[in-house]
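# only geometry, no sequence info:
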């Protein structure tokens with residue numbers, strides 16, 4: 001097709017705005033279009049889903065707001081970091097989230113065991129997925145163990161992206177949800193990559209028979225190695241993030257939290273991220289923090305009242321604190337800023353006990369009257385409603401009294417909705433602050 005003369009094109013575009021002008025000329029755009037989609041996957045843990053959730057305005061074909069849609073949980077095609085100290089149930093909670101998303105949305109899981117200590121039966125217990133997820137050829141829940149380098153990690157993700165893109169037209173399905181412009185959101189089923197953990201990924205791949213490697217083994221954890229490692233993480237993330245988004249690959253990386261030791265005897269340690277403690281650092285450093293959609297911090301509580309025993313509580317477990325240390329979809333924060341949520345872990349079941357977690361939450365919010373021996377619900381008007389239920393026999397009590405159980409869930413949702421990022425209709429209300437304009441108008 002013949003191209004228009006510049007003089008003709010200029011005449012056609014001269015009265016248009018800048019965006020129309022620069023897109024009306026010749027040449028290909030520098031960036032490939034990559035639609036930002038407001039679509040997330042619920043984790044199956046409400047005390048995580050709502051604090052990182054947000055609202056999206058729904059509009060008709062004329063642009064008029066017709067309602068709001070809740071977007072709860074983990075963003076499609078995102079990179080997420082799960083961090084915390086040892087014994088904070090990071091891997092346990094991530095296994096549960098991974099399985100819930102993959103199973104509910106007909107996805108698949110690539111579990112990269114860089115720590116080389118995974119027990120398949122334990123994974124089955126935590127995920128509760130059908131056996132055929134692990135025994136298929138290839139398995140739908142694929143566990144890879146061994147020495148893993150960042151080169152290998154990038155290759156694995158690239159291969160998954162390439163295979164999904166090859167069959168994109170077949171794989172893309174209608175999610176049943178519409179975007180803010182009323183158009184259906186279509187995505188490939190999610191592929192979950194569960195990396196456990198970043199600390200154990202090598203910065204380069206080595207030949208085990210290499211004598212130089214053996215001779216230099218003691219130097220692998222030197223400061224120079226650490227800096228090289230950080231640069232490698234940054235480079236890999238920059239390469240894979242577009243692939244994650246395009247092929248709907250959700251990545252969870254376990255990043256262990258360690259003490260942040262100052263490099264100077266006269267100055268304290270520098271804070272690694274805004275809502276993290278001053279004296280801690282996470283594996284991967286700032287590259288991981290900057291590129292993640294979510295940094296979820298888990299801290300195991302050690303107080304006596306956070307430990308549960310079958311005789312007194314009806315189960316064996318303890319409490320873990322969840323903090324959205326960094327969140328791209330909602331407010332970031334920690335326990336000090338009032339953004340922390342206590343999750344009850346049933347250790348023998350290998351699960352988050354959502355009902356008891358919500359009980360702690362409602363009690364803290366003043367929506368329960370009584371104690372573990374007998375709770376009553378309090379509605380928005382401060383009135384006691386429903387029948388009595390106990391901590392130890394909460395499931396039996398709710399099974400006998402579904403009406404109280406329903407009110408429990410309604411009140412829990414009412415309180416959780418207070419944490420969702422709201423979407424007020426502010427379109428066209430922009431008014432940049434200008435001191436001179438204010439002065440001249442007074």
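Nice, I can see it. This is a predicted model, so every value here is computed, not measured.
# Would you map the strands across the stretch 201-350 of the chain?
Across the stretch 201-350 of the chain, reading from the start of the chain, the strands by DSSP state E, counting those that start in this stretch fall at 249-259, 280-282, 294-300, 307-308, 317-327, 341-346.
# What number of residues are in the vicinity of the closest residue to residue 307 other than its chain neighbours?
Nearest in space to residue 307, with sequence neighbours left out and distances taken as Cβ to Cβ, 6 or more residues apart in numbering, is residue 318 at 5.0 Å. Using the backbone N, CA and C atoms, a C-beta is placed for each residue, glycine as well. Residue crowding around residue 318 was assessed by other Cβ atoms under 10 Å; the count is 19.
# again with residue 335
Based on other Cβ under 10 Å, the number of other residues close to residue 335 is 15.
# is it true that it touches residue 325?
No. With contacts defined as Cβ atoms under 8 Å, residue 335 does not count as touching residue 325, sitting 10.4 Å away.
# Mutual contacts of the two, please.
Both residue 335 and residue 325 lack any common contacting residue under the criterion Cβ atoms under 8 Å, 6 or more residues apart in numbering.
# Identify the bridge partners of the residue nearest to residue 307.
Note on residue 318: beta-bridge partners by DSSP bridges are residue 307, residue 345.
# Check whether it really touches residue 309, as I assumed.
No. Distance between residue 318 and residue 309: 10.0 Å, which falls outside the contact criterion (Cβ under 8 Å).
# Leaving out the residues flanking it, which one is nearest to residue 134?
residue 141 (5.3 Å).
# hang on, the earlier thing: and the strands of the stretch 201-350 of the chain: which comes nearest residue 413?
strand 341-346 (14.5 Å; Cβ to Cβ).
# what does the average pLDDT come to for that closest one?
Across strand 341-346, pLDDT averages out at 96.
# partners of the following helix or strand past that strand, with directions?
Toward the C-terminus, strand 341-346 is succeeded by strand 351-352 as the next helix or strand (DSSP states H and E). When pairing is defined by DSSP bridges, strand 351-352 lines up against strand 341-346 (antiparallel).
# List the contacts of the partner strand.
Outside strand 341-346, the residues that reach it (Cβ under 8 Å, 6+ apart) are 45, 47-48, 51, 89, 92-93, 298, 301, 306, 308, 315-323, 351-353, 356-357, 360-361, 364.
# For the stretch 251-400 of the chain, give me the ranges with low pLDDT.
Across the stretch 251-400 of the chain, residues meeting the criterion (pLDDT under 70) sit at 258-280.
# Residue 116 and residue 442, how far apart?
Taken as Cβ to Cβ, to the nearest Å, the spacing of residue 116 relative to residue 442 amounts to 70 Å.
# try residue 150
59 Å.
# Between those two, which is the more surrounded one?
Neighbours around residue 150 and residue 442, counted as other Cβ under 10 Å, are more numerous at residue 150. The numbers are 19 against 5.
# okay, now the closest residue to residue 397 other than its chain neighbours: neighbour count?
Computed as Cβ to Cβ, 6+ apart, the closest residue to residue 397 that is not its neighbour in sequence is residue 389, at 3.9 Å. For residue 389, the tally of surrounding residues (other Cβ under 10 Å) stands at 24.
# Could you do the one 10 residues further on as well?
Neighbour count for residue 399, taken as other Cβ under 10 Å: 10.
# can you pull the contacts of it?
Residues touching residue 399, when contacts are defined by Cβ under 8 Å, 6+ apart, comprise residue 405.
# I'd like the next helix or strand past the strand or helix carrying it.
Using DSSP H and E, residue 399 sits in helix 394-400. Read in the C-terminal direction, the helix or strand following helix 394-400 is helix 402-416, with elements assigned using DSSP H and E.
# List the residues that contact the residue nearest to residue 307.
300-301, 306-308, 344-345, 347.
# Please report how far it lies from residue 357.
Distance, residue 318 to residue 357, using Cβ to Cβ: 12 Å.
# I'd assumed residue 97 was in contact with residue 352.
No. The criterion here is Cβ under 8 Å, and residue 352 misses it with residue 97 at 9.2 Å.
# The two: which is more packed in?
residue 97 (28 against 25).
# Let me know the secondary structure of the residue lying closest to that one once chain neighbours are set aside.
Once its chain neighbours are removed from consideration, residue 97 has its nearest residue in residue 43; the separation is 4.3 Å (Cβ to Cβ, 6+ apart). Here residue 43 takes the coil state, with states given by DSSP: H, G, I helix; E, B strand; the rest coil.
# how much space between residue 43 and residue 437?
The gap separating residue 43 from residue 437 is 47 Å, by Cβ to Cβ.
# neighbour count winner among these two?
Under the neighbour definition other Cβ under 10 Å, residue 43 and residue 437 were set side by side, and residue 43 has more, 22 against 11.
# what about the helices in the stretch 51-200 of the chain?
Using DSSP state H, counting those that start in this stretch, the helices found in the stretch 51-200 of the chain span residues 90-104, 120-127, 132-135, 150-166, 168-171.
# Among those, which comes closest to residue 198?
When these are ranked by distance to residue 198, counting by Cβ to Cβ, first place goes to helix 150-166 at 9.6 Å.
# so the closest one versus strand 249-259, what angle?
Here helix 150-166 runs at an angle of 160 degrees relative to strand 249-259 (axes from the mean of the first three to the mean of the last three Cα atoms, to 10 degrees).
# Give the buried residues for helix 150-166.
If you call a residue buried by 16 or more other Cβ atoms under 10 Å, then helix 150-166 has these buried ones: 150, 152-154, 156-157, 160-161, 164.
# Redo these as a markdown table? Include distance to residue 290 and pLDDT.
Listed next are the buried residues of helix 150-166 as a markdown table, based on distance: Cβ to Cβ, whole Å; pLDDT from 0 to 100:
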| residue | distance to residue 290 | pLDDT |
| --- | --- | --- |
| 150 | 17 | 86 |
| 152 | 23 | 86 |
| 153 | 18 | 89 |
| 154 | 18 | 91 |
| 156 | 22 | 92 |
| 157 | 19 | 94 |
| 160 | 23 | 95 |
| 161 | 22 | 96 |
| 164 | 26 | 95 |
